[in-house]
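can you look at this prediction? I've put the sequence above it.
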Amino acid sequence: MMLQRLGRSWTVRLGFSAAVVVSALGMSALPSSAHTVKRPLAVVAKNFRFLGVPRSLPAGQYDVRFLNISPDEHELVAFNLGPVCSRTITTAAQARALLDSGQDPDVVCPGNNFEGYASAGPGGTDREDFTLSPGRTLYFCGVPENGVPHFDLGMIGFINVFAVPTGR
């Protein structure tokens, strides 16, 4: 049912369905290392907006706790726009137009990268691993409200993800 509602959004074509199945089975979509440290990140969905999402974060793995305190179902979808779209999609209006266009993301935004997905019903929570790579990450909710996706109602934004220098 959730995938039917997301039929118009990019997430389906980004390998989203495979990530959801893997996530639902309690497995990680990416191989994990015993030495990998996940940073905690709490994100709250409330009345068609996200709370707690910073404007910038260091690249790496995140343990995302998604809390929905609204009476509607919400999701958090994140993907890196890739080098081309990171330069051309700089506003929420441009991102909404891109999501509404139904265009193939691999053609429009070469080098894009799915980074994570979480969802929760009213009053619910979800906890998922997200892996953010350097560049511009778009996050949004694609659940429809009376036929209008929540990203068109304000549940959309960007995170500037910066590379973390490696020690010698």
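Alright, I've got the coordinates.

drop to CA atoms for contacts and neighbour counts, all remaining ones
OK.

show the average pLDDT along the one helix or strand Phe114 maps to.
In the assignment (DSSP states H and E), Phe114 maps to strand 113-120. Mean pLDDT, strand 113-120: 97.

where in this structure is pLDDT low?
Scanning the chain with the threshold set as pLDDT under 70 gives 1-35, 167-168.

all helices for it, in order.
2-5, 16-24, 82-88, 92-101, 105-108 (DSSP state H).

for Thr131, see how far away Pro40 is.
With the distance defined as C-alpha to C-alpha, to the nearest Å, Pro40 ends up 12 Å from Thr131.

ranges for the strands of the chain?
For the chain, applying DSSP state E gives strands covering 39-45, 50-51, 56-58, 60-68, 74-80, 113-120, 125-132, 135-140, 144-145, 148-149, 156-162.

same for the last one, what does it pack against?
Applying 3 or more C-alpha pairs under 8 Å, 6 or more residues apart in numbering; DSSP states H and E, we find strand 156-162 packed against strand 56-58, helix 92-101, strand 135-140.

ok, the first one next?
Packing contacts for strand 39-45, counted by 3+ C-alpha pairs under 8 Å, 6+ apart, involve strand 50-51, strand 60-68.

shared neighbours of Pro40 and Thr131, anything?
Tyr62 (C-alpha atoms under 8 Å, 6 or more residues apart in numbering).

the two: which is more packed in?
Using other C-alpha atoms under 10 Å as the criterion, Pro40 and Thr131 rank with Thr131 on top: 20 against 11.

tell me the bridge partners for that one.
Gln61 (DSSP bridges).
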